[in-house]
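[1] Predicted structure and sequence below. I'll ask about it afterward.
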Amino acid sequence: MFILIISRGIPSKRYPQWGCFEKDQAEALASIGHKVVVVSVDGRFRFIYRKRGLTHVVINGVDYYNHYFLPHALVNLFGRQMTLRLQNWQIDRVYDMVEKCHGKPDIIYAQMFGNMLLGVHLSQRLGVPVVGIEHLARFNEQTLDKWGFTKNEADYAYHNIHQLISVSQTLRDAIYRHFRVDSVVVHNLVGKEFSYQPNNTSHPLTFVTTGSLIHRKGFDLLIEALRRVNSQLPEGWQCNIIGGGEKKVELQQQINRAQLQEHIHLVGQKNKQEIVQLLQQSDVFVLPSRGEHFSAAVLEALACGLPVIASICGGIRECVEEHNGLLFPVDDTEALANAILHMATHLSNYDRQAIAADCQARFSPEIIARKLTDIFDKVLADNATQ
């Protein structure tokens, strides 16, 4: 099967997380025998040089095509419809090159509603069915009004694709609540590089977490919880916060005020290999988020055998259970502090090797790729009979 994936973008050294979800799925689908090409339209507002027009790279045997023209925020000044027309023009330019080099795809697979709009455009042009997968946490909100164009565009996309996938049951419920569109659930996958490695070296109790340094991720809650239990934790404990973002200065100031500079470290953005190493050298993963869909970061930690402390948001209950972690209510600093203390004193109760094995059995690339393939096969069969 020839699968054309419409992605947010392509991971790079500067932006290692940009399009990483799509890259993982592309490689997983290719590994079970599918022909996969990934395309993207870059409309980000960034103060960096980007070559205008079409670019092409090959990563781990998968072809990636991207088109950049102007930041979409600038084009939005002339109206949203102008931006949508620009995006369609860009995806047409990318697709023309793909067909010239690789032929016509059997199915289009679009990531998130913005790219589903591009998928619908190509589907109507080519007569090829389109499947979309949604994993935006914003749909867990009770109302979408504050997101402006989101509701109308997502509504159009969801009603014009051939099948919608949600990455968690919680997100599936939220989408149905907002749009009255049903979807099937296929969870995130965890890359093979995230694996259990016995760690026999002696080191202080080490917590780790990863994510953008933004309000929604709740790192301020984690810092406050650690401040409250500092004196009750083993001497020399450490916490590494992996990621970059707008709250970096504010979070560092909070760490300084709590006088925890020797314990809590903002280690910045890391590439995948560096994240794997940090996870394997840690003891506990903490997700203090105020909102998630189905956290890939949690899966990566579980795949490395780490027990997880996580807030009860999004689809977290679908992967964190009694045998592999602890849950606490969103925005409840006291409950988070208690969970940290409990984990610190009961760490030996968690079997890291068993946690990792369970995660791989449920969320490995091959498992998820085959679930996606089953959906694609059904869509193609249904489309052939229409």
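    Received, thanks. Predicted model, so just to flag it, every value in this text is computed and none were measured. Residues are numbered from 1 along each chain as shown.
[2] and Leu144, how many neighbours does it have?
    Burial measure for Leu144: 18 neighbouring residues, criterion other Cβ atoms under 10 Å. The C-beta positions use only the backbone N, C-alpha and C, and glycine is treated the same way.
[3] buried set for the lowest-mean-pLDDT helix or strand in the chain?
    The helix or strand of the chain with the lowest confidence, counting by mean pLDDT, DSSP states H and E, is helix 72-75 at a mean of 84. Using 16 or more other Cβ atoms under 10 Å as the test for burial, helix 72-75 gives 72, 75.
[4] What segments of this protein are helices?
    With DSSP state H as the criterion, the chain has helices at 20-31, 72-75, 80-102, 112-126, 150-160, 169-179, 219-229, 248-257, 272-280, 296-303, 333-345, 352-363, 365-384.
[5] Residues contacting the first one, please?
    The one in question is helix 20-31. 3, 5, 7-8, 10-11, 36, 38, 59-62, 111, 135, 188-189, 191, 272, 296, 365-366, 368-369, 372-373 (Cβ atoms under 8 Å, 6 or more residues apart in numbering).
[6] Weed out the non-buried ones from the residues you listed.
    If you count burial by 16+ other Cβ under 10 Å, the buried members of those come out as 3, 5, 7-8, 10-11, 36, 38, 62, 111, 135, 188-189, 191, 272, 296, 365, 368-369, 372-373.
[7] so Pro11 makes contact with Gln17?
    Yes. In this structure, Pro11 is within contact of Gln17 by Cβ atoms under 8 Å, at 6.9 Å.
[8] Quick check, Asp358 in contact with His323.
    Yes. In this structure Asp358 lies within contact range of His323 using Cβ under 8 Å: 7.5 Å.
[9] Out of the two, name the residue with the larger neighbour count.
    Summary of the neighbour comparison: Asp358 and His323, criterion other Cβ under 10 Å, with Asp358 having more neighbours (18 against 12).
[10] hmm, back to that, mind exporting the least confident helix or strand of the chain as PDB, just the C-alpha atoms?
    Extracted as PDB, the C-alpha positions of helix 72-75 are listed here (Å, rounded to 0.1, in the frame of the first residue of the first chain):
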ATOM      1  CA  HIS A  72       0.700  31.900   7.600                       C
ATOM      2  CA  ALA A  73       0.300  34.500  10.400                       C
ATOM      3  CA  LEU A  74       1.200  37.200   8.000                       C
ATOM      4  CA  VAL A  75      -1.200  35.900   5.300                       C
END
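[11] where in the protein is pLDDT low?
    Along the chain, the model assigns pLDDT under 70 to residues 145-148.
[12] Try it again at 80.
    Counting by pLDDT under 80, the chain contains low-confidence residues at 13-17, 47-49, 76, 137-138, 140-150, 199-202, 293-294, 314, 386.
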